[in-house]
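Student: The following block contains a protein sequence and its predicted model.
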Amino acid sequence: QVQLVESGGGLVQPGGSLRLSCVASGLILDDYAIGWFRQAPGKEREGVSCIHKSGEVSYTEDSVKGRFAMSRDNAKNTVYLEMNSLKPDDTALYYCAADQDCAGAIVVSLGMEYWGKGTPVTVSS
């Protein structure tokens with residue numbers, strides 16, 4: 001049974017940092033592309049970033065470029081999202097998801113095969 005479990009969310013002040021983790025079980029992480037998504041209250045889910053099975057980060061949403069970075073630790077079967085210079089607009093429920101490629105992160109309506117339940121991030125003073 002495939003499980004993706006996110007952690008690391010919380011309340012942070014504007015300008016602060018958080019590192020989200022996505023731990024996978026039931027699949028080998030480097031056999032999949034892993035995407036980070038977010039959904040703010042009243043807004044549609046959007047793709048934030050995606051790392052291809054090769055390890056290359058193949059997608060980063062424009063509003064987070066230069067502030068967010070994905071990485072992967074195959075030994076721990078974990079993917080990370082390092083978030084810096086956080087803004088109130090980054091407030092959302094953050095999800096990780098897995099599929100064979102990153103198409104579903106770029107075009108969200110395509111979907112991803114496996115999803116975690118999310119971890120909340122609130123950026124507020």
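Tutor: Received, thanks. Numbering: from 1, shown residues only.

Student: drop to CA atoms for contacts and neighbour counts, all remaining ones
Tutor: Noted.

Student: Please name the nearest non-neighbouring residue to the spatially most central residue of the chain.
Tutor: Note on the chain: the residue nearest the mean C-alpha position is W36, at 2.0 Å, using CA atoms, centre = their mean. Distance criterion CA to CA, 6 or more residues apart in numbering; nearest residue to W36, sequence neighbours excluded, is C96 at 4.5 Å.

Student: After the host helix or strand of the one you found, heading C-terminal, what element do we hit next?
Tutor: Using DSSP states H and E, C96 falls within strand 92-99. Next helix or strand after strand 92-99 toward the C-terminus (DSSP H and E): helix 103-106.

Student: what's the helix or strand just after that next one packed up against?
Tutor: Using DSSP H and E, the helix or strand that follows helix 103-106 in sequence is strand 114-115. When contacts are defined as 3 or more CA pairs under 8 Å, 6 or more residues apart in numbering; DSSP states H and E, strand 114-115 sits against strand 3-7, strand 92-99.

Student: Please list the outside residues in contact with the first one.
Tutor: Strand 3-7 is contacted by residues 20-26, 95-97, 114-119 when judged by CA atoms under 8 Å, 6 or more residues apart in numbering.

Student: What subset of these is buried?
Tutor: Burial by neighbour count, 16 or more other CA atoms under 10 Å: within the contacts of strand 3-7 this picks out 20-24, 95-97, 115-116, 118-119.

Student: for those residues, which one is nearest E46?
Tutor: Using CA to CA, Y95 is the member of the buried ones among the contacts of strand 3-7 that lies nearest E46, at 10.0 Å.

Student: Strand 3-7 and the strand holding C96, what's the angle between them?
Tutor: Counting by axes from the mean of the first three to the mean of the last three CA atoms, to 10 degrees, strand 92-99 lies at 150 degrees to strand 3-7.

Student: Contacts for strand 92-99, please.
Tutor: With contacts defined as CA under 8 Å, 6+ apart, strand 92-99 is touched by 4-6, 22, 32-41, 112-122.
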